[in-house]
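Participant: Kindly return the folded structure for what I paste below:
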Amino acid sequence: MILNKYSYLAILWVFVVSCQLFPRLAKITSTSLASLTLRFPGKPLRQASMSTSNFSSYLKSRKANFLADNGKGWTVVMGNEAGDLDSLASALGYAWLRSNTSEKAIAYITTPKEDFVLRAENLYALGLAGINYPFEELYCSGDPMPSQVSQFALVDHNVLHTRHASPTTRVVAVIDHHEDEGQYKDTADPRIVEPAGSCSSLIARLYQSSPNLSIPPELSTLLLSAILIDTHGLKEGGKALDVDREAAAFLIPQSLLEHDEEISASSDKQPITHFPSVQSLSATLGEKKLSVSHLSTRDLLRRDYKEYAFNMPASEDATPSSDVIRAGLATVPLRLSAFFASSSYPIKEIQDWLAERDLSVLGILTTFRSKKGKGRREQLWIIKADEGIAEKLWQGLESSEELKLKRLDFSKFGESYVTRAYKQGNASATRKQTAPILRKLMEGL
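Facilitator: The predicted model follows:
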């Protein structure tokens, strides 16, 4: 075959294009879905710095060193069992701070590996921080807990789960924004339990009080993302408090947000929530959080779930475990009608979850927006019929001035359970307010 000069030019063009395209394809193939969405409308993120890979490598090496040491001399920093972005970011944030100021520490991510897919907002925020392979880089639930671990730091909750407790266990720090249960006052330093829209704001304040310690931009972005998603973008009149706004103002200049031009062009009186980059990031995180249409009923129940054990007065014929009643609270970002349309057999999946977790009480707390965009909440309570506690719980819940519940019609759930559904008049009351009410009612039975 005879090749003319045009044929040679064509071959050369194909070679040049291939050299440019194949590396990009390889890079995309090795990148997670979360990192593919690194940039979104408004270009709120700066080009990731070299420290992104360093931060990722740092986390991976810390995990390896921790396991190699069998946990001896390390503090495990643990968020709550729901595993939301606030818990994840707070754990990573405080572990970095403690490691660089006092002792070896590692963040323990309470989300099991198989459950990471349930929270698209977590994967997205991790991708922004360059953490594209969380199973490799993070120490997660399901990874072995070394036998030499004896010190824990609690963030976004203030009571250590019984599965980690032992006679030699010490809780050496508590940073939380939930109701204070009054424990570890003689061992925890710091012990910070106070109101805030996001626990990440309290972590950021610790960095503010350590001026000689720089915070990685990836970590700033994670903490900021948690604050924005927990406070609905620092919305005025919402859950955001001054500590949240001050934390966001501190984190933005040190994050991966494209903030330089915005800050220089803004006046001191312009709220940070007006920055296009902040609004864009907040909107994207909110969209990711509500992206649950692909999840089954069981997935929705375990996606944002907390469990509680209450000791009840034992009867004469009680077994050692019969005086413990387990209750679960699942927050679901759908109205009840949509939740029951999430699978072909939703009631069976709920009953299976009750049996799997050995629950006597399950509260399903829904959160959604009306057609006009206003926040709305509903509650569905399912209680074992043979426990004899339903009427007292109904009475206590319905008399709550904080929840302002109004009963809804709801069909029978099955002979083994009694149920009631409610419209929640106070749409600002979350699980953070409902859980203490449940606790007081259960302890008063």
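
Participant: which residues of the stretch 301-445 of the chain fall in helices?
Facilitator: Assigned helices in the stretch 301-445 of the chain, in chain order: 336-339, 346-356, 390-398, 431-443 (criterion: DSSP state H, counting those that start in this stretch).

Participant: cool, and the stretch 101-250 of the chain?
Facilitator: Under DSSP H, counting those that start in this stretch, the stretch 101-250 of the chain gives helices at 120-128, 134-137, 199-208, 217-230, 242-251.

Participant: can you pull the contacts of the residue lying closest to residue 192 once chain neighbours are set aside?
Facilitator: The shortest distance from residue 192 to any non-neighbouring residue, by CB to CB, 6 or more residues apart in numbering, is to residue 175 (4.8 Å). (C-beta placed from N, C-alpha, C; glycine too.) Contacts for residue 175 were tallied using CB atoms under 8 Å, 6 or more residues apart in numbering; they are 90, 94, 153-156, 190, 192-193, 199, 202-203, 206.

Participant: ok, back up a step: which of the helices of the stretch 101-250 of the chain is buried the deepest?
Facilitator: helix 217-230 (a mean of 27; mean count of other CB atoms under 10 Å).

Participant: Could you tell me the angle between that one and helix 120-128?
Facilitator: Interaxial angle, helix 217-230 versus helix 120-128 (axes from the mean of the first three to the mean of the last three CA atoms, to 10 degrees): 160 degrees.

Participant: From the chain's centroid, how far away is helix 217-230?
Facilitator: 12 Å (CA atoms, centre = their mean, to the nearest Å).

Participant: Also stretch 163-178?
Facilitator: Worked out by CA atoms, centre = their mean, stretch 163-178 lies 19 Å from the chain centre.

Participant: got the buried residues for that stretch?
Facilitator: For stretch 163-178, burial by neighbour count (16 or more other CB atoms under 10 Å) applies to 171, 172, 173, 174, 175, 176, 177, 178.

Participant: Repeat that for stretch 403-415.
Facilitator: 403, 405, 413.

Participant: So what does residue 99 look like in phi/psi?
Facilitator: phi -60, psi -30 (degrees, to the nearest 10).

Participant: Please report how far the residue nearest to it when sequence neighbours are not counted lies from residue 96.
Facilitator: Leaving aside its chain neighbours, residue 99 sits nearest to residue 105 (4.8 Å; criterion: CB to CB, 6+ apart). In this view, residue 105 and residue 96 are 8 Å apart by CB to CB, to the nearest Å.

Participant: same deal with residue 151?
Facilitator: 17 Å.

Participant: Residue 429 too?
Facilitator: 33 Å.

Participant: what about those two, which has more around it?
Facilitator: residue 96 (24 against 19; other CB atoms under 10 Å).

Participant: how about the more buried one, what does it touch?
Facilitator: Here residue 96 is in contact with 215, 216, 219 (CB under 8 Å, 6+ apart).

Participant: Check the gap between it and residue 191 for me.
Facilitator: With the distance defined as CB to CB, residue 96 ends up 20 Å from residue 191.

Participant: is it true that residue 240 touches residue 246?
Facilitator: No. Counting by CB atoms under 8 Å, residue 240 does not reach residue 246; the two are 10.4 Å apart.

Participant: Narrow the buried residues of stretch 403-415 to those in strands?
Facilitator: Cross-referencing the buried residues of stretch 403-415 against strands under DSSP state E gives residue 405.

Participant: Reformat the buried residues of stretch 403-415 as CSV; add distance to residue 295 and pLDDT.
Facilitator: Below are the buried residues of stretch 403-415 laid out as CSV (distance: CB to CB, whole Å; pLDDT from 0 to 100):
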residue, distance to residue 295, pLDDT
403, 26, 97
405, 26, 97
413, 21, 81
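
Participant: so residue 306 bridges to which residues?
Facilitator: Residue 306 has the following beta-bridge partners by DSSP bridges: residue 329.

Participant: For residue 329, see how far away it is.
Facilitator: 5 Å.

Participant: Could you check which of the two has the larger neighbour count?
Facilitator: residue 329 (21 against 17).

Participant: show me what contacts that one?
Facilitator: With CB under 8 Å, 6+ apart, residue 329 has these contacts: 305, 306, 307, 308, 362, 363, 365, 431, 434, 435, 438.

Participant: Just the pLDDT for residue 91.
Facilitator: Note on residue 91: pLDDT of 98.

Participant: Please give the element, helix or strand, for it.
Facilitator: helix 85-101 (DSSP states H and E).

Participant: ok and that helix relative to helix 199-208, angle-wise?
Facilitator: Here the directions of helix 85-101 and helix 199-208 differ by 20 degrees (the same axes, to 10 degrees).

Participant: Is the residue nearest to residue 99 bridged to anything, and to what?
Facilitator: In beta-bridge terms (that is, DSSP bridges), residue 105 pairs with residue 75.

Participant: is it true that residue 347 touches residue 412?
Facilitator: No. Residue 347 is beyond contact range of residue 412, at 10.0 Å (criterion: CB under 8 Å).
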